[in-house]
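K.L.:
Okay, sequence plus prediction incoming.
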Amino acid sequence: MSSRDRSRQPSRRRQRGATAATPGSLEVWTRPEPGRRRPRYTRDELAAAAIRIADAEGFEELSMRRLASELGAGTMTLYHYVRTKDELLALVLDAIMAELIVPADELPKGWRDALTVIAHRSRDALRRHPWMLDIRDDPAPGPNGVRHWDQSMQAVSSLDLSVGERFELVLAIDEYVFGFCTIERANGLLEGERPLAPGFEDVREYVSGLAASGAYPALSAMWADPGLDEAWTQMQTAATDPGRFDRNLARLLDGFEAGIRRRKRR
């Protein structure tokens, strides 16, 4: 993993979806949209404009003032629709959660295939909006967030497991996807970014020095066989292999499936 600040990794609570978000922004979903007549801006329009800003300029550039400029409105006008930036964030994240929802006719019936499709949808959304990994707050879940969670639980509903066990399975897949995308982004492996270069000479020299000290037996063994250059090449190949996501997702699902089978034999 690169030296990028780990404090910017996504909040674990947000990955638990509807069960653990903070309630501060819940009112944005429970109160009606303003005005009896059609409002000048809908919640979807506000969210779409905010996402355009974050995609183009980064999440740190998103503010009520910047959003007002994007919409051609006064900043105070926006407070008629969202009362705090937390409420705006709730709208933004729920709009992105809509991208994770698999159309009903495209969701496989088997639990493994269904979770695999959902995992791909989640990864693709994070790749399109990598700034989501910088968000550490937990806005109240909106309709799309709850729908995504509901669809994930539907995928495993046929398994002979308790609610808690099915939830744990869904959560493990979520954590795998978020963790994969966090490391992928930190190491510059997202599509269009520079992959790990053979050059990291300073890092390689530093790690080689540690291996030579004898205090790191696994490193020393790799540096001895297959050798420094070959070991380095193999690790970079593994890190940049586009098939790694699916292989390790399958291994994770294999583990759960093996546990379910052992349970049935008891």
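P.N.:
Happy to help now that I have it. The shown structure was predicted, so the numbers you read here are calculated from the model rather than taken from an experiment. Numbering: from 1, shown residues only.
K.L.:
going forward, measure contacts and count neighbours with C-alpha atoms only.
P.N.:
Will do.
K.L.:
any weak-confidence spans in the stretch 1-150 of the chain?
P.N.:
Along the stretch 1-150 of the chain, segments meeting pLDDT under 70 span 1-25, 28-39.
K.L.:
repeat for the stretch 151-266 of the chain
P.N.:
Within the stretch 151-266 of the chain, the stretches with pLDDT under 70 are 189-200.
K.L.:
which residue ranges form the helices in it?
P.N.:
Taking DSSP state H, counting those that start in this stretch as the criterion, the stretch 151-266 of the chain carries its helices at 163-186, 201-212, 217-222, 228-240, 244-265.
K.L.:
Could you export the longest one as CSV, keeping only the C-alpha atoms?
P.N.:
Pointing back at helix 163-186 there. C-alpha atoms of helix 163-186 as CSV (Å, rounded to 0.1, in the frame of the first residue of the first chain):
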residue,chain,number,x,y,z
VAL,A,163,-30.3,-12.9,9.7
GLY,A,164,-27.1,-12.0,11.4
GLU,A,165,-25.1,-14.6,9.5
ARG,A,166,-26.6,-13.4,6.1
PHE,A,167,-25.8,-9.9,7.0
GLU,A,168,-22.2,-10.8,7.9
LEU,A,169,-21.8,-12.4,4.5
VAL,A,170,-23.1,-9.3,2.7
LEU,A,171,-20.9,-7.1,4.9
ALA,A,172,-17.8,-9.1,4.1
ILE,A,173,-18.4,-8.6,0.4
ASP,A,174,-18.9,-4.9,0.9
GLU,A,175,-15.7,-4.7,2.9
TYR,A,176,-13.8,-6.5,0.3
VAL,A,177,-15.0,-4.2,-2.5
PHE,A,178,-14.3,-1.0,-0.5
GLY,A,179,-10.9,-2.3,0.6
PHE,A,180,-9.9,-3.4,-2.9
CYS,A,181,-10.9,0.0,-4.4
THR,A,182,-9.1,1.9,-1.6
ILE,A,183,-5.8,0.2,-2.2
GLU,A,184,-6.3,0.3,-6.0
ARG,A,185,-6.7,4.1,-5.8
ALA,A,186,-3.9,4.6,-3.3
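K.L.:
Between helix 244-265 and that helix, find me the angle.
P.N.:
160 degrees (axes from the mean of the first three to the mean of the last three Cα atoms, to 10 degrees).
K.L.:
Is it possible to get TSV of the helices of the stretch 151-266 of the chain that adds mean neighbour count and distance to His80?
P.N.:
Listed next are the helices of the stretch 151-266 of the chain as TSV, based on neighbours: other Cα atoms under 10 Å; distance: least, Cα to Cα, whole Å:
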stretch	mean neighbour count	distance to His80
helix 163-186	18	34
helix 201-212	13	52
helix 217-222	15	59
helix 228-240	14	47
helix 244-265	13	43
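K.L.:
Now render those helices as TSV, adding distance to Ser69.
P.N.:
Shown next, in TSV, are the helices of the stretch 151-266 of the chain (distance: least, Cα to Cα, whole Å):
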stretch	distance to Ser69
helix 163-186	29
helix 201-212	44
helix 217-222	54
helix 228-240	40
helix 244-265	39
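K.L.:
Out of the ones you listed, which is closest to Asp94?
P.N.:
Comparing those against Asp94 with Cα to Cα, the closest turns out to be helix 163-186 (16.2 Å).
K.L.:
for the closest one, packing partners?
P.N.:
For helix 163-186, the elements it packs on are helix 12-15, helix 111-128, helix 143-155, helix 244-265, judged by 3 or more Cα pairs under 8 Å, 6 or more residues apart in numbering; DSSP states H and E.
K.L.:
hmm, back to that, closest to Arg40 out of the helices of the stretch 151-266 of the chain?
P.N.:
helix 163-186 (35.8 Å).
K.L.:
Compute the inter-axis angle for that closest one and helix 143-155.
P.N.:
With the same axes, to 10 degrees defining the directions, helix 163-186 sits at 120 degrees from helix 143-155.
K.L.:
Tell me what angle helix 163-186 forms with helix 111-128.
P.N.:
Going by the same axes, to 10 degrees, helix 163-186 makes 40 degrees with helix 111-128.
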